[in-house]
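**Student:** sequence first, predicted coordinates after that:
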Amino acid sequence: MNLLINEKRRRNTYFNLALEEALALQFVQSDLDFAVRFWENSNSIILGISDLIRKNIPPEILSPFEESFETSETIQTKREIIQIARRSSGGGTVYQDHSWNLNFSFFINLKKYPEFLPIPKSYEILSGFPIRAFQNQNIEVILAGKSDLSMKIGDSILKISGNSQFRKRDCLVHHGTLILSQKLIEKVSSLLLHPPSEPEYRKGRSHEAFITSLPEVFSISKFQTDLVGILSEKNQTKFSKGSLSFWKKILKETYRIEVEKYRNKDFIFSR
């Protein structure tokens with residue numbers, strides 16, 4: 001069975017990350033083949049699993065967040081404070097905000113699709129799906145570096161999407177974020193330090209010189225429809241929303257993981 005998750009409701013960052021892991025943990029035993037998820041975060045800095053928190057976030061942004069902890073294990077979330085989270089996948093630190101980003105995720109049953117086991121090959125194949133969806137809107141996008149989706153503008157290659165992966169219990173989770181607004185780039189420049197490591201094609205460029213947003217003609221709804229259509233064509237099956245009993249189990253697991261892991265101070269500040 002293939003699963004489609006198109007979330008309209010705004011959720012906090014910690015819930016969103018926990019849901020990805022909960023789905024991965026239950027994916028294979030629920031006899032799922034492939035899933036695609038569309039979702040958004042609000043006012044959040046998200047570290048990669050190995051990112052050094054103080055090497056990526058300025059102290060003036062990090063300090064108010066540190067002070068917002070009620071205890072050593074629980075975050076008191078306040079709207080005026082930027083949420084800082086750590087995901088289970090690799091890649092660099094990103095800033096996301098509602099309506100300025102669109103996140104997409106693929107979940108793949110590796111027992112049924114062993115061709116996705118090699119990491120470089122999986123990035124190549126999975127990047128091809130959104131690239132085809134962009135082409136349907138006459139937007140030319142290429143895979144740059146290990147996992148970035150980028151556009152060639154003049155003599156420059158500019159990043160429009162960072163992508164990363166993690167694997168749990170024979171489930172591959174591949175997620176990416178699309179930059180929808182130039183306003184986000186202004187925020188990135190003020191909220192994130194220059195990354196300690198970078199892909200070769202970045203060549204030391206600042207955030208403003210390295211990333212860009214998708215053109216104004218880009219249609220989110222068409223992208224979503226086309227991407228699901230491309231995946232349906234590959235899998236030769238339609239996507240469903242999942243049963244109520246399935247989602248009850250997933251949400252129970254999500255709330256547990258959110259509290260025990262993603263809101264846990266030790267996990268966020270682990271590096």
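**Tutor:** Cool, the structure landed.

**Student:** how much space between residue 133 and residue 33?
**Tutor:** As defined by CB to CB, to the nearest Å, residue 133 lies at a distance of 20 Å from residue 33. For the C-beta atoms, the positions are set from N, CA and C on the backbone; glycine is no exception.

**Student:** compare the two (neighbour count), which wins?
**Tutor:** Neighbours per residue, other CB atoms under 10 Å: of residue 133 and residue 33, the larger number sits with residue 133, 22 against 17.

**Student:** OK, contacts around the more buried one?
**Tutor:** Contact analysis of residue 133 by CB atoms under 8 Å, 6 or more residues apart in numbering lists 223, 226, 227, 230.

**Student:** which phi and psi does it have?
**Tutor:** Backbone torsions for residue 133, taken as degrees, to the nearest 10, come to phi -70, psi -40.

**Student:** all strands for the stretch 151-271 of the chain, in order.
**Tutor:** Using DSSP state E, counting those that start in this stretch, the strands found in the stretch 151-271 of the chain span residues 156-168, 171-179, 239-240.

**Student:** which among those is found nearest to residue 84?
**Tutor:** Taking CB to CB, strand 171-179 is the member of these nearest to residue 84, at 16.1 Å.

**Student:** the residue nearest to residue 34 when sequence neighbours are not counted: neighbouring residues, count only.
**Tutor:** Ranked by CB to CB, 6 or more residues apart in numbering and with sequence neighbours excluded, the top spatial neighbour of residue 34 is residue 2, at 4.8 Å. Counted with other CB under 10 Å, residues neighbouring residue 2 total 18.

**Student:** now swap in residue 203 and tell me
**Tutor:** Neighbours of residue 203 under the rule other CB under 10 Å: 11.

**Student:** need the pLDDT of it.
**Tutor:** pLDDT, residue 203: 94.

**Student:** distance of it from residue 157?
**Tutor:** With distances taken as CB to CB, residue 203 is found 10 Å from residue 157.

**Student:** before we move on, what about residue 42?
**Tutor:** Counting by CB to CB, the separation of residue 42 from residue 157 is 29 Å.
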